[in-house]
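>>> 3D, please:
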Amino acid sequence: MRTRKLALGVIVLIVCVGGVLVLNSLRPKYVGQAHTEAMINGKKVSIVYGQPSVEGPAIGGRDPLSIAPVGFVWRFGRNEATLIESAGRMVVGGKELAAGKYTLWARRLGEDQWVISFHPKTWEWYGRPLWGDVTGGAARLQDGFIADMPLTTEKVSDRAKFLNIKLSEDKGQAVVTIHFGNIVQTGTFTVN
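Now for the predicted structure:
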């Protein structure tokens with residue numbers, strides 16, 4: 001009888017530990033990391049990104065998308081570079097990208113012109129996920145972008161304290177909506 005109770009206790013412990021490990025692997029890697037996904041033409045597309053705050057030390061309550069200088073390259077998130085993964089081929093700004101993983105970088109090309117740039121590099125040479133910034137806040141990647149998704153920009157009255165990215169489907173296209181501070185930016189691409 002005692003052996004059965006002990007065996008049952010061990011089984012329960014194994015199931016609980018296994019459950020915790022599975023749930024832990026599904027959680028974001030750090031506080032402030034978010035995930036959005038959508039099915040586009042039957043293909044899964046997902047974005048994982050860090051959520052900086054407009055009240056954080058780097059931004060100090062200012063509207064980051066309005067104050068960034070022309071030519072500015074941002075890792076489009078916090079900590080690790082923002083990552084997109086698509087199960088299907090993507091057509092971004094007229095350029096076809098193979099299914100797979102890419103990092104996303106926000107670039108201000110002109111006074112009223114922002115794009116999200118896709119880059120094939122997702123890992124550091126030593127095997128860790130690509131970090132978004134180098135010391136001093138500059139984006140790690142400044143070139144090598146392979147496709148640009150143009151963004152439309154709208155000023156809104158409701159203020160998003162944290163960066164919020166939403167991926168959705170509209171008439172067969174992927175729609176990326178970015179809300180940060182009092183700015184909402186929207187871009188689209190297709191998935192085949």
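>>> going forward, measure contacts and count neighbours with C-alpha atoms only.
Noted.
>>> quick one: the strand or helix carrying Glu154 to chain centroid distance?
Using DSSP states H and E, Glu154 falls within strand 147-170. For strand 147-170, the gap between its own C-alpha mean and the chain's C-alpha mean amounts to 12 Å (Cα atoms, centre = their mean, to the nearest Å).
>>> and if you look at stretch 166-174?
16 Å.
>>> endpoint to endpoint, it covers what distance?
Terminal residues of stretch 166-174 lie 10 Å apart, using Cα to Cα, to the nearest Å.
>>> just the buried positions in it, please.
When burial is assessed from 16 or more other Cα atoms under 10 Å, stretch 166-174 yields the following buried residues: 166-169, 173-174.
>>> tell me which two in those are the farthest apart.
The distance between the two most remote of these (Cα to Cα) is 13.5 Å, for Lys166 and Gln173.
>>> picking that back up, ok, so of the buried residues of stretch 166-174, who is nearest Met149?
Among the buried residues of stretch 166-174, and counting by Cα to Cα, the member closest to Met149 is Ala174, at 11.1 Å.
>>> what's near enough to touch that closest one?
For Ala174, the contact set (Cα atoms under 8 Å, 6 or more residues apart in numbering) comprises 38, 40, 167-168, 188-191.
>>> what's across from it in the sheet?
Glu169, Phe189 (DSSP bridges).
>>> for Thr188, see how far away it is.
Using Cα to Cα, Ala174 is found at 5 Å from Thr188.
>>> wait, what's in contact with Glu96?
89-90.
>>> phi first, then psi, for it.
Main-chain torsions, Glu96, degrees, to the nearest 10: phi -90, psi 130.
>>> quick one: low-confidence ranges for this protein?
Residues of the chain that meet the criterion pLDDT under 70 lie in 1, 5-32, 56-65, 135-138.
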